[in-house]
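**Q** Build me a model from this:
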Amino acid sequence: MTARDGHRPRGRTPRTDSSRPRGRGPRATASRPRVRAPHAATSRTRAHLPALLLAAFALAALVDLVSLAAGFSVGHAVAKPFLMPFLAAYAMASGAPRLLVAALLCGWGGDVLLLSDADPAFLAGMISFAAGHVCYLALFRAYGSPRARVAVLAPAYATALVVTVVALWPDLPAELRVPVAGYSVLLTAMACASAVRLGAVAGLGGALFLLSDTLIATGVADWPQLPRPDLWIMLTYVAAQFLLVSGALRALEARPGPMATYGEVRSTTP
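**A** Next comes the predicted model:
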């Protein structure tokens, strides 16, 4: 007979509940309390990072503008170099393309160089800003789409360019006339393209950038200035860069296709 018939083989005892190893009861097998993964806090920090960086930019801008209003040149010299790095870091944390970050960093180079009153520093700063405008134009071309009538805006901006350069030309130092005219062409093209390709928010930023640099040019030409001219230059400039970033990020979010961000490595990202 086999064990299947009910006969137990000799030498084997049936396993009872008492043979269960101690310490393995229902309480012992209860799951341990969950421990939060270390990356949870990191994820929360990353989620709040853009807001923190934007707050840092706003604080630096406030210190800079208040210093200019009070005539405190040291505060301006300390705060101004932090403006574009904070704004660029905010753009990076928000998933901006490399071209936008590059444009802001070129602006940072121009900011630092223009802290000096020397003519070579002014020319170098203008070159740095011009490189930033090239980055903006490439950004608008790569990620923008027609949002306004170029047939209306282009003639208006072209007229403003010609009138401004013609008016400033006789009063500019001879060695700066051609560089200022060439820079003005790039600046005006950027301002027009920001509105045509990215919409009203970025377009307002481009227009304010044009106004800010025009105020600088009138100072170089020794035209009569508003009280605290540096305050109005920086106010329009800071607002311009912020609006360009905001408009670019909004336009990128609205794109139907995937957005290549700063942190991604893609062969198609400019």
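**Q** contacts, neighbours, all on C-alpha from now
**A** Fine.
**Q** how many neighbours does Cys192 have?
**A** 25 (other Cα atoms under 10 Å).
**Q** Contacts only, for it.
**A** 153-154, 157, 203, 206-207 (Cα atoms under 8 Å, 6 or more residues apart in numbering).
**Q** residues of the one helix or strand it maps to that come out buried?
**A** For Cys192, the element it lies in under DSSP states H and E is helix 174-198. By 16 or more other Cα atoms under 10 Å, the buried positions in helix 174-198 come out as 176-177, 180-181, 183-198.
**Q** go on, stretch 161-172?
**A** 161, 164-165, 168-169, 172.
**Q** Past the helix holding Cys192, which element shows up next along the chain?
**A** Per DSSP H and E, the helix or strand that comes after helix 174-198 is helix 200-220.
**Q** Just the pLDDT at Ala254, thanks.
**A** Ala254 is assigned a predicted lDDT (pLDDT) of 80.
**Q** Which helix runs longest in this structure?
**A** Looking across the chain with DSSP state H, the single longest helix is helix 39-70.
**Q** Remind me what that one packs against, helices and strands.
**A** Helices and strands touching helix 39-70, by 3 or more Cα pairs under 8 Å, 6 or more residues apart in numbering; DSSP states H and E, are helix 73-93, helix 229-253.
**Q** okay, these in JSON lines with distance to Leu49 and mean neighbour count next?
**A** Output for the helices and strands packed on helix 39-70, formatted as JSON lines (distance: least, Cα to Cα, whole Å; neighbours: other Cα atoms under 10 Å):
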{"stretch": "helix 73-93", "distance to Leu49": "7", "mean neighbour count": "20"}
{"stretch": "helix 229-253", "distance to Leu49": "16", "mean neighbour count": "20"}
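**Q** what's the residue positioned nearest the centre of the chain in contact with, if anything?
**A** In the chain, the centroid-proximal residue (Cα atoms, centre = their mean) is Ala91; its distance is 2.8 Å. The neighbours of Ala91, taking Cα under 8 Å, 6+ apart as the test, are 50, 100-101, 245.
**Q** which residue packs closest to Leu243, ignoring adjacent ones?
**A** Gly205 (4.7 Å; Cα to Cα, 6 or more residues apart in numbering).
**Q** now the one you found: how far from Thr236?
**A** 9 Å (Cα to Cα, to the nearest Å).
**Q** Over to Arg228?
**A** 13 Å.
**Q** Ok, Leu210 next?
**A** Noted for Leu210: a distance of 9 Å to Thr236, by Cα to Cα.
**Q** ok, now Gly107?
**A** Counting by Cα to Cα - Gly107 and Thr236 are separated by 14 Å.
**Q** And the pLDDT for the closest residue in space to Phe86 that isn't next to it in sequence?
**A** Spatial nearest neighbour of Phe86, chain neighbours left out: Phe57 (5.1 Å); criterion: Cα to Cα, 6+ apart. In this model, Phe57 is scored at 98, pLDDT.
**Q** ok, Phe57 touching Leu87?
**A** Yes - Phe57 is in contact with Leu87 according to Cα atoms under 8 Å; the separation is 5.9 Å.
**Q** where do the contact lists of those two overlap?
**A** In contact with both Phe57 and Leu87: no residue, using Cα under 8 Å, 6+ apart.
**Q** before we move on, back to that, how far away is the residue nearest to Leu243 from His76?
**A** In terms of Cα to Cα, Gly205 sits 22 Å off from His76.
**Q** Likewise for Asp64?
**A** 5 Å.
**Q** Ok, Arg255 next?
**A** For Arg255 relative to His76 (Cα to Cα), the value is 38 Å.
**Q** Enumerate every residue touching the residue lying closest to Ser73 once chain neighbours are set aside.
**A** Computed as Cα to Cα, 6+ apart, the closest residue to Ser73 that is not its neighbour in sequence is Ser67, at 6.6 Å. If a contact means Cα under 8 Å, 6+ apart, then Ser67 has 73-76 as its contacts.
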